[in-house]
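> Provide a 3D model corresponding to the input given below.
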Amino acid sequence: NDQKSALARSRASRNARAASSKARREAQAAKAKAEARLRQKKLEALNNAKIVDRVVQSVRRVERRLGVTNVVSSAAAASNESVQANTTSSSDDKRILLFDNHPTIYAQGWKLQATSIHGEGDKIALPPTILEALTSNNSNSELDPWGSGRSGRPLAFRIGVLDPEYEGFPASETMKKFVESVREDVVSSQTIAANSTQSTTKSNDDNDDIMSEDSDNDDDAEETQIIEAYLDELSHRYISYTHGTVVEFTQEDGCVGLPEPIARALLQRNSYSMGRSDNERHNNSRISVKRTVDPASTALSTDITDDAGEGSADGDAMDIVPTKDSSNEDVQTEKTPGHLAYGAFDIPDLPIEITPINSLPAGTDCTFTPTTSSIKHGFYKLKDVKAVLEQSLMRTRATLSRGDVIRTWRRGVSFDLIVSSLSPAEFGVVSCVNTDLNVDIGPPEEEDLADLNVKPKQQQQQRNDEGKEGSGQSAMGQGRLLSEDTSQKQQSVAAVADTKPRPEVDLAPEPADDKVEGVCNIQIRGRSTTGDNVTGRRRFDIELATMNDLFQYASYICGADPKALRLVTRFPRRVFTLSSSEDEQGKIDNDVTLKNAGLNQKQELFMIEYM
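Numbers count the residues shown, from 1 in each chain. Below you'll find the predicted structure:
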């Protein structure tokens, strides 16, 4: 029994030692795993910090090139980002945690509400408080709104409609791919550093030098990738955006005045506009619109309503009616009318972010594409496009953004031109102040040709035929520089642009050349439906030709309906209008001959007027 007991105690002791050894091994393994997890977390945190730092420095490097300036403090920006993060649903928690400590990755601007102002260019109006911020001693010296800085150009602004569905950085696929490429580079460099014989300190110093803010070792491909990712992220941050300069600082606090061209650029996008197309967006991302209400009309209607309500309540109130002895100032006091543009056009009903930019690239080349309406109005028939652009464009624009619609005028006719391309093209915006800008007139889009009933093959054949007859290059097909001599190309351009051929008209036969008696040489002058000057000359037999023949010939010249115009003679002034009766003076029957209508002179000059 003693032997058995000793054996049992020995076995129990061995088991206890084995269990203790196993427990120690397990504890050591658990400790090693915990230390490995801790090292992995530290390594991941270090890599994430390097990823964020590299992405932030890349974005800021692009913004330094463009001259984008942050005007909101980091604390305020962090507060805004936290509010936005709480109001939007996030499906990528890792993304939010990764960039949570850097809420100001993109430069922040002023958040303002839009109002409408009068203007034909890209000049906006801002509150006086922004002028104080720009000109204060603590402000950046480069934020000079009047252009007295190094570049000599006025301060520009990025004008964007903030997307309420923006979930935070990064949101675009291009930026996500860029962040992922940075992650791969950081992990790869970390692996190489861990396997190398160099010290950890030296490896970290080398990595810091590579990822430095002032590093110039990025190749052109990476720089292009950064810019594309930056612009793609902007297209997600904003529903739409454009650029402009400031005209005055007279708006109320919290408001920005937008002229009609800027509002149109924000609300009516086209195929050339920067950012995402409408098909790539959600339906709820469309911009709601509003119109600025004139405070004078609102106050007047409120006073009238209040007066009417009080009168109906107690019967003592009465309406004030102006009399000869009372002036308008006594009746309508403190009702100053609002701006001329109040209620004239739609403006965005979402917050507008105004971000200053002090280094817009100087434009060297740009291409304008006429819209369908401009082609119908005869833009390609204009004899001096350079004069049109100089008078209507260069006097009203300080910036050009891709997709902007430029409205030019020529003798009362408007022509809308789309900015289809720019050079330099990397940012999609250029400055046209203190620079020589070469302008090219591009061909219309295929959908515009479809609206004009012109097939692309037919247009190309016309261009080839005209090129053989002229200089070998069509102005509409290959574009036209303003510095070129366009006198030789006008005939071919007009032939292509005139997509609606003139209909044939059946007129009385023209008298023989040797016939003198009973013949009237009639000349008709005026303006066509496209705004061009037209003229025509023809001989009529006053005993055979009728007034209907005369009006048909005038319609053939100007392209308008005969019943929509009138023919006027001078000295003395006589007005002729087609009519089925003779009950009014000047209105004659269609079948009355020229002789019976009183046209007995050998020569007559008629001017076309539209009713």
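> switch to C-alpha atoms for all contacts and neighbour counts from now on
OK.
> number of nearby residues for residue 346?
Counted with other Cα atoms under 10 Å, residues neighbouring residue 346 total 18.
> Tell me who's in contact with it.
Going by Cα atoms under 8 Å, 6 or more residues apart in numbering, residue 346 touches 263, 289, 290, 291.
> from the residues you listed, which would you call buried?
For the contacts of residue 346, a burial check counting by 16 or more other Cα atoms under 10 Å picks out 263, 290, 291.
> Which one of those residues is nearest to residue 556?
Using Cα to Cα, residue 263 is the member of the buried ones among the contacts of residue 346 that sits closest to residue 556, with 40.1 Å.
> what comes into contact with stretch 598-611?
Residues contacting stretch 598-611 (Cα under 8 Å, 6+ apart): 518-527, 542, 554, 564-570, 594.
> one step back: quick check: helices, which of the buried ones among the contacts of residue 346 are part of them?
Counting by DSSP state H, the buried ones among the contacts of residue 346 place residue 263 in helices.
> Throw together a ChimeraX command that grabs the buried residues out of the contacts of stretch 598-611.
ChimeraX command restricting the contacts of stretch 598-611 to the buried ones, with burial defined by 16+ other Cα under 10 Å:
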select :519,520,522,523,524,525,526,527,542,554,565,566,567,568,594
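> Out of the contacts of stretch 598-611, list just those in strands.
Those of these mapping onto strands are 519-527, 565-569, per DSSP state E.
> low-confidence ranges in the stretch 1-150 of the chain?
Scanning the stretch 1-150 of the chain with the threshold set as pLDDT under 70 gives 73-97, 100-103, 137-142, 144-150.
> Could you pull out the strands in it for me?
Under the criterion DSSP state E, counting those that start in this stretch, the stretch 1-150 of the chain contains strands at 110-116, 123-125.
> got the residue ranges for the strands in the stretch 251-400 of the chain?
Using DSSP E, counting those that start in this stretch, the strands of the stretch 251-400 of the chain run over 255-258, 289-290, 347-348, 352-357, 365-370, 399-401.
> Let me see the contact set for residue 404.
Listed by Cα under 8 Å, 6+ apart, the contact set of residue 404 reads 242, 265, 273, 418, 419.
> Same question for residue 47.
Counting by Cα under 8 Å, 6+ apart, residue 47 touches 183, 186, 187.
> I'd like to know how many residues surround the closest residue to residue 393 other than its chain neighbours.
Distance criterion Cα to Cα, 6 or more residues apart in numbering; nearest residue to residue 393, sequence neighbours excluded, is residue 408 at 6.4 Å. Look at residue 408: counted by other Cα under 10 Å, it has 20 neighbours.
> what are the pairing partners of the strand or helix carrying residue 408, and which direction each?
In the assignment (DSSP states H and E), residue 408 maps to strand 405-410. Strand 405-410 pairs in its sheet with strand 413-423 (antiparallel), by DSSP bridges.
> What are the contacting residues of the helix or strand just after the strand it pairs with?
For strand 413-423, the following helix or strand on the C-terminal side (DSSP H and E) is strand 429-431. With contact meaning Cα under 8 Å, 6+ apart, strand 429-431 is reached by 243, 360-363, 398-402, 422-424.
> 7 Å - rerun?
Applying Cα atoms under 7 Å, 6 or more residues apart in numbering, the external contacts of strand 429-431 come out as 360, 361, 362, 363, 398, 399, 400, 401, 402.
> which other helices and strands contact the helix or strand just after it?
Next helix or strand after strand 429-431 toward the C-terminus (DSSP H and E): strand 438-441. For strand 438-441, the elements it packs on are strand 365-370, judged by 3 or more Cα pairs under 7 Å, 6 or more residues apart in numbering; DSSP states H and E.
> Send me the strand it packs on as PDB with only the CA atoms.
Extracted in PDB, the C-alpha atoms of strand 365-370 (Å, rounded to 0.1, in the frame of the first residue of the first chain):
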ATOM      1  CA  ASP A 365      -6.300  78.600 -75.600                       C
ATOM      2  CA  CYS A 366     -10.000  77.900 -75.400                       C
ATOM      3  CA  THR A 367     -12.700  76.500 -77.700                       C
ATOM      4  CA  PHE A 368     -16.300  77.700 -77.900                       C
ATOM      5  CA  THR A 369     -19.000  75.500 -79.200                       C
ATOM      6  CA  PRO A 370     -22.200  77.300 -80.400                       C
END
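> okay, now the closest residue to residue 250 other than its chain neighbours: neighbour count?
Closest residue to residue 250 apart from its sequence neighbours, by Cα to Cα, 6+ apart: residue 127 at 5.5 Å. Residue 127 sits with 18 neighbouring residues when counted by other Cα under 10 Å.
> residues making contact with stretch 507-524?
By Cα under 7 Å, 6+ apart, stretch 507-524 touches 535-545, 549, 554, 601-607.
> what mean pLDDT would you report for that stretch?
Stretch 507-524 shows a mean pLDDT of 87.
> What of stretch 556-576?
Mean predicted confidence for stretch 556-576 is 84.
> swap in stretch 232-247?
In the prediction, stretch 232-247 has an average pLDDT of 93.
> Using PDB, list the CA coordinates for it.
What follows is stretch 232-247, C-alpha atoms only, in PDB (Å, rounded to 0.1, in the frame of the first residue of the first chain):
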ATOM      1  CA  ASP A 232     -13.500  63.800 -58.900                       C
ATOM      2  CA  GLU A 233     -13.900  64.300 -55.200                       C
ATOM      3  CA  LEU A 234     -14.900  67.900 -55.800                       C
ATOM      4  CA  SER A 235     -17.700  66.600 -58.100                       C
ATOM      5  CA  HIS A 236     -19.000  64.600 -55.200                       C
ATOM      6  CA  ARG A 237     -18.700  67.400 -52.700                       C
ATOM      7  CA  TYR A 238     -20.600  69.800 -54.900                       C
ATOM      8  CA  ILE A 239     -23.600  69.100 -57.000                       C
ATOM      9  CA  SER A 240     -22.200  71.600 -59.500                       C
ATOM     10  CA  TYR A 241     -19.600  74.400 -59.300                       C
ATOM     11  CA  THR A 242     -18.100  77.100 -61.400                       C
ATOM     12  CA  HIS A 243     -15.700  80.100 -60.900                       C
ATOM     13  CA  GLY A 244     -16.000  83.800 -60.800                       C
ATOM     14  CA  THR A 245     -14.700  87.100 -59.300                       C
ATOM     15  CA  VAL A 246     -16.300  89.700 -57.100                       C
ATOM     16  CA  VAL A 247     -17.900  93.000 -58.200                       C
END
